[in-house]
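Enquirer: Only the shape, not the letters, is given here:
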């Protein structure tokens, strides 16, 4: 018997079933949480493969780029930004991988919710509103990113890539989630406006996510690129997140106002994205 | 009594001949070009944008890693021990990788979609096509994509002044060889996969292969056991092969790397055909 069926039976047997209007009011109030719950339950089906990926990716990146490429860089210029290459690149890789995961979670699954599996239409038949469904999906994915960032951070600690100590460096976890939220909310909002799957998602992957990974100060400081390419970093959530994460992990020196700009930029993107996606879901499914 | 005008009927028989005595008669309908024709129609109608944009991936990598990282790394030891700029070091490796990526995406994600969702192959096999026609046709399409990317990337390398040897012209056919190796094996592997989650397995093999196969730095930084493992993987051979050609350091080892892909291709075509046969004919 499924959990839900058991819950319903228990509820019925308790003799304390609230009247429908109360249940509806609850759904109207907590709909977004119900959607998260639903998402997490279904995510159990592929939790194992996601988990393997979340552990495997940081290991591979840190060995291949931090240690392997690091050998080459360290013998070339010595240190980057005053630290070894591994220490330099590790926080950036954390931010990049978490932000890049939004490309998997908030593109095709969103379209599937509207079009293929039509998973959004189940909750929509209840008092749960489209805006809550959208927010629920968004927040549920952030939980996944939180776990992902935490695992990555733990592996960074194991590699000895966090000179500022374990406690302070743990700040990279919320920074990672915030960066993913900033980009993910915008991406989800955009995905929810698409009714036909053509080349859009592939284009986002190739012309937004990939360049962000390559040019937003992940592998080398923005300053080692020509000045006319710096704007790619400035408008990328990855760069802002990475700069914050570098301060948390090895104490990269930056002026206070710039740090404030990073935080503000990420928060602003998130707010705009969430606002936009709620509107878009409502527009598409009706109030 | 007048006979109404008949529409002109082609001379080709409507029903295919499947003589049991012809070699491969049971699996090959001698019509792989029908699959290829369909592939080109699809490209022309809808997905040329995806196809063309795929070319930018290695170019962006080359620009970012070559310019940005090159400033940090400086010169590195190339084949034969000569010192070459970092950009020239990674460019051939990225060409090999892009040949792999193009071929793998075409032969895995595309094939997966057609197999599980569009049921395209089931439809094809209701016609005169046999599983081997389908396999050959699809592999050809993957190859075509690899060819486009290789030519484009070679052009970029020429413009950036990274081509220093006449041997480098061989990099285009070699890219095809790499592509056909990966495409033929990739398609066979795809036939085992049933869900999107399982498709992650492909990334799981490709990402480490890309990261460790001497693409961005020499594999000598790793312990010897790991080096042997890397050397067993196909991409490393592709990278070495390309790198030798790029600087004109051609030896018996170069030929050895090429042979690796010849064997891989033969194995892959046989494997794919067997799999499709098992899938469709029971």
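Expert: Arrived safely. Model, not experiment: these values are computed from the prediction. Residues are numbered from 1 along each chain as shown, chains lettered A, B, ... in the order given.
Enquirer: For whichever residue of the stretch 1-150 of chain B sits closest to chain A, which residues are in contact?
Expert: Distances between the stretch 1-150 of chain B and chain A by Cβ to the nearest Cβ are smallest at residue B:64, namely 3.6 Å. (Glycine included, C-beta is placed from N, CA and C.) With contact set as Cβ atoms under 8 Å, 6 or more residues apart in numbering or on different chains, residue B:64 has these partners: A:211, A:214-215, A:219.
Enquirer: Which element, helix or strand, includes residue B:114?
Expert: helix B:111-116 (DSSP states H and E).
Enquirer: is chain A contacted by that helix?
Expert: No: applying Cβ under 8 Å from any Cβ of the partner chain, one finds helix B:111-116 out of contact with chain A, separated by at least 10.8 Å.
Enquirer: coming back round to it: between the contacts of residue B:64, which sits nearest chain B?
Expert: Distances from chain B to the contacts of residue B:64, taken by Cβ to the nearest Cβ, are shortest for residue A:214, at 3.6 Å.
Enquirer: Output the contacting helices and strands for whichever strand or helix holds that closest one.
Expert: In this assignment (DSSP H and E), residue A:214 forms part of helix A:210-215. Here helix A:210-215 touches helix A:85-105, helix A:230-234, helix A:237-250, helix B:56-63, going by 3 or more Cβ pairs under 8 Å, 6 or more residues apart in numbering or on different chains; DSSP states H and E.
Enquirer: now those helices as TSV including distance to residue B:86 and mean neighbour count?
Expert: Shown next, in TSV, are the helices and strands packed on helix A:210-215 (distance: least, Cβ to Cβ, whole Å; neighbours: other Cβ atoms under 10 Å in any protein chain shown):
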stretch	distance to residue B:86	mean neighbour count
helix A:85-105	14	25
helix A:230-234	21	16
helix A:237-250	22	26
helix B:56-63	11	20
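Enquirer: now for those helices, which one comes closest to residue A:171?
Expert: helix A:237-250 (3.9 Å; Cβ to Cβ).
Enquirer: I'd like the next helix or strand past the closest one.
Expert: Counting by DSSP H and E, the next helix or strand C-terminal to helix A:237-250 is helix A:256-285.
Enquirer: where does chain B have low pLDDT?
Expert: For chain B, the stretches with pLDDT under 70 are B:1-21, B:46-47, B:196-197, B:280-282.
Enquirer: near chain A, which residues of it?
Expert: Neighbours of chain A within chain B, by Cβ under 8 Å from any Cβ: B:46-47, B:49-50, B:53-54, B:56-57, B:60-61, B:63-65, B:67-69, B:71-74, B:76, B:197-198, B:200, B:204, B:207-208, B:211-212, B:216-218, B:221-222.
Enquirer: what's the neighbour count on residue A:32?
Expert: 22 (other Cβ atoms under 10 Å in any protein chain shown).
Enquirer: Tell me how far it lies from chain B.
Expert: Here residue A:32 is placed at a distance of 25 Å from chain B (Cβ to the nearest Cβ, to the nearest Å).
Enquirer: which strands and helices sit next to the strand or helix carrying that residue?
Expert: Here residue A:32 is covered by helix A:20-43, with elements defined by DSSP H and E. Here helix A:20-43 touches helix A:121-124, helix A:130-158, going by 3+ Cβ pairs under 8 Å, 6+ apart.
Enquirer: For the ones you listed, could you give me a markdown table that also reports mean neighbour count and distance to residue A:203?
Expert: Shown next, in a markdown table, are the helices and strands packed on helix A:20-43 (neighbours: other Cβ atoms under 10 Å in any protein chain shown; distance: least, Cβ to Cβ, whole Å):
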| stretch | mean neighbour count | distance to residue A:203 |
| --- | --- | --- |
| helix A:121-124 | 17 | 27 |
| helix A:130-158 | 21 | 21 |
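Enquirer: Of these, which is nearest residue B:116?
Expert: Among the helices and strands packed on helix A:20-43, the nearest to residue B:116 by Cβ to Cβ is helix A:121-124 (23.0 Å).
Enquirer: where's the closest one relative to the chain centroid, distance-wise?
Expert: Its chain's average C-alpha position is 24 Å from that of helix A:121-124, according to Cα atoms, centre = their mean, to the nearest Å.
Enquirer: how about low-confidence regions in the stretch 151-287 of chain A?
Expert: A:198, A:287.
Enquirer: mind running it again at 80?
Expert: A:197-199, A:287 (pLDDT under 80).
Enquirer: Near residue B:38, how many other residues are there?
Expert: Count around residue B:38 with other Cβ under 10 Å applied: 14.
Enquirer: Likewise for residue B:252?
Expert: 7.
Enquirer: before we move on, what about residue B:221?
Expert: Using other Cβ under 10 Å, residue B:221 has 16 other residues around it.
Enquirer: same check, this time on residue B:171
Expert: Residues lying near residue B:171 (other Cβ under 10 Å) number 28.
Enquirer: what's the nearest residue to it if we skip its chain neighbours?
Expert: residue B:245 (5.2 Å; Cβ to Cβ, 6 or more residues apart in numbering or on different chains).
Enquirer: same deal with residue A:56?
Expert: Looking at residue A:56 with Cβ to Cβ, 6+ apart, the closest residue is residue B:204, at 6.8 Å.
Enquirer: now swap in residue A:213 and tell me
Expert: residue A:96 (5.0 Å).
Enquirer: distance of residue A:276 from residue B:239?
Expert: 43 Å (Cβ to Cβ, to the nearest Å).
Enquirer: I meant residue B:210, not that one.
Expert: Distance from residue B:210 to residue B:239, by Cβ to Cβ: 10 Å.
Enquirer: who's more crowded, the two?
Expert: Legend: neighbour count by other Cβ under 10 Å for residue B:210 and residue B:239, higher for residue B:239 (28 against 21).
Enquirer: my guess is the more buried one contacts residue B:92, does it?
Expert: Yes: Residue B:239 lies in contact with residue B:92 (Cβ atoms under 8 Å); the separation is 7.0 Å.
Enquirer: of the contacts of residue B:64, closest to residue B:272?
Expert: Using Cβ to Cβ, these come closest to residue B:272 at residue A:214, 33.6 Å.
Enquirer: and the closest one, what does it touch?
Expert: B:60-61, B:63-65.
Enquirer: Report the spatially closest residue to residue A:106, excluding sequence-adjacent ones.
Expert: Residue A:106 sits nearest to residue A:188 (Cβ to Cβ, 6+ apart), 4.2 Å away.
Enquirer: in what helix or strand does the one you found lie?
Expert: helix A:172-193.
Enquirer: which helices and strands sit right next to that helix?
Expert: Using 3+ Cβ pairs under 8 Å, 6+ apart: helix A:172-193 touches helix A:85-105, helix A:108-111, helix A:130-158, helix A:200-204, helix A:237-250, helix A:256-285.
Enquirer: Get me the contact residues on the stretch 151-287 of chain A for chain B.
Expert: Residues of the stretch 151-287 of chain A lying near chain B (Cβ under 8 Å from any Cβ): A:198-199, A:202-203, A:206-207, A:210-211, A:214-215, A:219-220, A:224-226.
Enquirer: can we see that at 6 Å?
Expert: A:199, A:202, A:206, A:211, A:214-215, A:219-220, A:224-225 (Cβ under 6 Å from any Cβ of the partner chain).
Enquirer: Show me which of these is closest to residue A:56.
Expert: residue A:219 (20.1 Å).
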